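> turn this into a structure:
(2 chains)
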Amino acid sequence: DAKTTQPPSMDCAEGRAANLPCNHSTISGNEYVYWYRQIHSQGPQYIIHGLKNNETNEMASLIITEDRKSSTLILPHATLRDTAVYYCIVRVERTSYGKLTFGQGTILTVHP
Amino acid sequence: GAVVSQHPSWVICKSGTSVKIECRSLDFQATTMFWYRQFPKQSLMLMATSNEGSKATYEQGVEKDKFLINHASLTLSTLTVTSAHPEDSSFYICSARVDRLDYGYTFGSGTRLTVV
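Coordinates of the predicted model:
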């Protein structure tokens, strides 16, 4: 699986958009970008994933650059409950259900 | 969705005793489960992968005789920490592969183990 690089921490004001970047310059053509988050003392929670098109669901939006070497997770209106560690993971989808490897992630702190 | 129920959510035990952590898949059959360990301020580290009915595959550096994994049914996997020591204190998380989900994995809520 391709390696990812994320900033160790970010801050965001409540109600504003939180934009979390992820670099994955060695991504292969068949690898997807996945985002999970982990709220303190809980298990990780899936947020969103995508291959090359931008994706949106009820939780977030995922913007992937045209060359696919980086992506941004957008939480459009951050709340205090969005404070968590956000993990960007790159791997092949579905056909390869091996282990999921977590990097260090980005600690997002949403403040009032 | 697909739910994995993990118990207990926290446990305190004395050094030298054993502790069992259970993960149950509630609405799907979990043929493959993963066990992770997470120390404070660190990321999740995979310990082992278990497939129903077969022996678990342990990651390098994880003692298989200390961390016993049983995956005898399609809905239950257990991790037993044997002869626990204070350095085994950690947050343990299970994860299951879910075929019907296109993102593939769901996670338990974690177990905080404290060995005193």
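> how far away is the most centrally placed residue in chain A from residue A:74?
In chain A, the centroid-proximal residue (Cα atoms, centre = their mean) is residue A:35; its distance is 3.3 Å. Noted for residue A:35: a distance of 10 Å to residue A:74, by Cβ to Cβ, to the nearest Å. (C-beta placed from N, C-alpha, C; glycine too.)
> could you list the residues of chain B in contact with chain A?
Within chain B, the positions near chain A by Cβ under 8 Å from any Cβ of the partner chain are B:4, B:6, B:32, B:34, B:36, B:43-46, B:49, B:91, B:93-95, B:97, B:99, B:102-110, B:112.
> the same query, at a cut-off of 7 Å, please.
Neighbours of chain A within chain B, by Cβ under 7 Å from any Cβ of the partner chain: B:32, B:34, B:43-44, B:46, B:49, B:93, B:95, B:97, B:102-105, B:107-110, B:112.
> only whichever of these are buried, select them in ChimeraX.
Here is the ChimeraX command that selects the buried residues among these (16 or more other Cβ atoms under 10 Å in any protein chain shown):
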select /B:32,34,44,46,49,93,95,97,103,104,105,107,108,109,110
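> which of the residues of chain B next to chain A fall within strands?
Counted as lying in strands by DSSP state E, out of the residues of chain B next to chain A, are B:32, B:34, B:46, B:49, B:93, B:95, B:97, B:105, B:107, B:112.
> contacting residues around residue B:23?
By Cβ atoms under 7 Å, 6 or more residues apart in numbering or on different chains, the contact set of residue B:23 is B:4, B:6, B:33, B:77, B:94, B:108.
> check contacts around the nearest residue to it once chain neighbours are set aside.
The shortest distance from residue B:23 to any non-neighbouring residue, by Cβ to Cβ, 6 or more residues apart in numbering or on different chains, is to residue B:94 (3.7 Å). Residue B:94 is in contact with B:4, B:6, B:23, B:33-35, B:77, B:108, counting by Cβ under 7 Å, 6+ apart.
> next, format the contacts of residue B:23 as a markdown table and append pLDDT.
Output for the contacts of residue B:23, formatted as a markdown table (pLDDT from 0 to 100):
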| residue | pLDDT |
| --- | --- |
| B:4 | 96 |
| B:6 | 98 |
| B:33 | 93 |
| B:77 | 95 |
| B:94 | 97 |
| B:108 | 97 |
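> so which of the residues you listed comes closest to chain A?
Minimum distance to chain A across the contacts of residue B:23 is 5.2 Å, recorded for residue B:108 (Cβ to the nearest Cβ).
> in what element of secondary structure is the residue of chain A found nearest chain B found?
Proximity to chain B, evaluated over chain A using Cβ to the nearest Cβ, is greatest for residue A:43 at 3.5 Å. Under DSSP states H and E, no helix or strand contains residue A:43.
> tell me who's in contact with it.
Applying Cβ under 7 Å, 6+ apart, the residues contacting residue A:43 are B:93, B:107-110.
> show me which of the residues you listed is closest to residue A:31.
Nearest to residue A:31 among these: residue B:107, at 21.1 Å, using Cβ to Cβ.
> quick check: closest non-adjacent residue to that closest one.
Closest to residue B:107 by Cβ to Cβ, 6+ apart is residue A:43, at 3.5 Å.
> which phi and psi does that neighbour have?
The phi and psi values for residue A:43, taken as degrees, to the nearest 10, are phi -80, psi 160.
> residue B:68 now?
The phi/psi pair for residue B:68 (degrees, to the nearest 10) is phi -90, psi 130.
> host element of the residue lying closest to it once chain neighbours are set aside?
Excluding the flanking residues, the one nearest residue B:68 by Cβ to Cβ, 6+ apart is residue B:80, at 4.2 Å. Element membership of residue B:80 [criterion: DSSP H and E] is strand B:76-81.
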